[in-house]
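[1] Sequence plus the predicted model coming up.
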Amino acid sequence: MYTGIQHLHSGLAYLALIALIIVIVLMLIGSLSGKEFTEKDRKIAMIAFILAHTQLLVGLILYFVSPVGFSLLTSGGAMSDPAARLTALEHPLINIIAIVLISIGYIRAKKLQSDRARFRSVYMMYAIGLVLILSRIPWANWLG
Ligand code: HEM
C-alpha cells in the first residue's frame, strides 16, 4: 500500500506541476491580451485546481502510511534533521497552504466582475502556490 501511494504521489506531482505552469501561462496571456474570461478559461483553471486537490488527498494518506511522514514527526528528533523536517513537517504544511491559495485564486475568479481581474486572480494565486510548492519538494528523494 505504501509503495503504491508513494508512486501515485510522485507521478501526480508531474501532472499537477505541469498543469499549474500551463494554466499560469495561459491566464497571463489572457490578461495581457485583454480578452474575455470565458467558461473555457474557467475549465482550464479547474484542471490544475482538481489535480492540486487530488495531490493533497493522496499526500494526506501518504503522510500517515509513510515512514518519513507523521510517524517520523512523532518519533522525536525530526526537527533537528533537515531532511526529516522537510518530509515530516515543511513539505505537508507549506503544500497545504499553497493549495489553499490556489483554491482562493480559482474560487475568487468565478466571483469577480472584470475579465482582467479574473485572469489575474488565477495566475497570481497559482504562481504564489507554485513557488511555495517548488520551495518544499523533497528533490533529493524525487529526482535524486
Ligand atoms: C501539490 C502538492 C504536492 C506536490 C507537488 C507534492 C510532491 C511530492 C513529491 C515530488 C514527493 C517526493 C516523492 C518521491 O520521493 O518519489 C513528495 C513526497 C511526500 N509528500 Fe508530497 N506533494 C504535495 C502535497 C503533499 C501534501 C499536502 C502532503 C501531506 C499532507 C504530502 C506528503 C508527502 C510525504 C509524507 C512525502 C514523503 C513520502 C515518502 O517518501 O515516503 N505531500 N511529495
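    Noted; the coordinates are in hand. Residues are numbered from 1 along each chain as shown.
[2] isn't Phe119 right next to Met27, touching?
    Yes. The pair Phe119 / Met27 is scored as a contact, 4.7 Å apart, by C-beta atoms under 8 Å. In this view, the C-beta of every residue, glycine as well, is placed from N, C-alpha and C.
[3] Can you give the distance of the lengthiest helix in the chain from its chain's centre?
    For the chain, the helix with the greatest residue count under DSSP state H is helix 2-32. Centroid displacement of helix 2-32 relative to its chain, using C-alpha atoms, centre = their mean, to the nearest Å, is 7 Å.
[4] ditto for stretch 109-128
    Worked out by C-alpha atoms, centre = their mean, stretch 109-128 lies 17 Å from the chain centre.
[5] Please save the CA atoms from it in PDB.
    C-alpha atoms of stretch 109-128 as PDB (Å, rounded to 0.1, in the frame of the first residue of the first chain):
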ATOM      1  CA  ALA A 109     -12.000  34.300 -10.200                       C
ATOM      2  CA  LYS A 110     -15.600  33.000 -10.500                       C
ATOM      3  CA  LYS A 111     -17.000  35.800  -8.400                       C
ATOM      4  CA  LEU A 112     -15.000  38.800  -9.800                       C
ATOM      5  CA  GLN A 113     -16.600  41.000 -12.500                       C
ATOM      6  CA  SER A 114     -13.800  42.200 -14.700                       C
ATOM      7  CA  ASP A 115     -12.200  39.800 -17.100                       C
ATOM      8  CA  ARG A 116      -8.600  41.000 -16.400                       C
ATOM      9  CA  ALA A 117      -9.200  40.700 -12.600                       C
ATOM     10  CA  ARG A 118     -10.400  37.100 -13.100                       C
ATOM     11  CA  PHE A 119      -7.300  36.100 -15.100                       C
ATOM     12  CA  ARG A 120      -5.100  37.900 -12.500                       C
ATOM     13  CA  SER A 121      -6.800  36.100  -9.600                       C
ATOM     14  CA  VAL A 122      -5.900  32.700 -11.100                       C
ATOM     15  CA  TYR A 123      -2.400  33.500 -12.400                       C
ATOM     16  CA  MET A 124      -1.300  35.400  -9.200                       C
ATOM     17  CA  MET A 125      -2.500  32.900  -6.700                       C
ATOM     18  CA  TYR A 126      -1.500  29.800  -8.700                       C
ATOM     19  CA  ALA A 127       2.000  31.400  -9.200                       C
ATOM     20  CA  ILE A 128       2.400  32.000  -5.400                       C
END
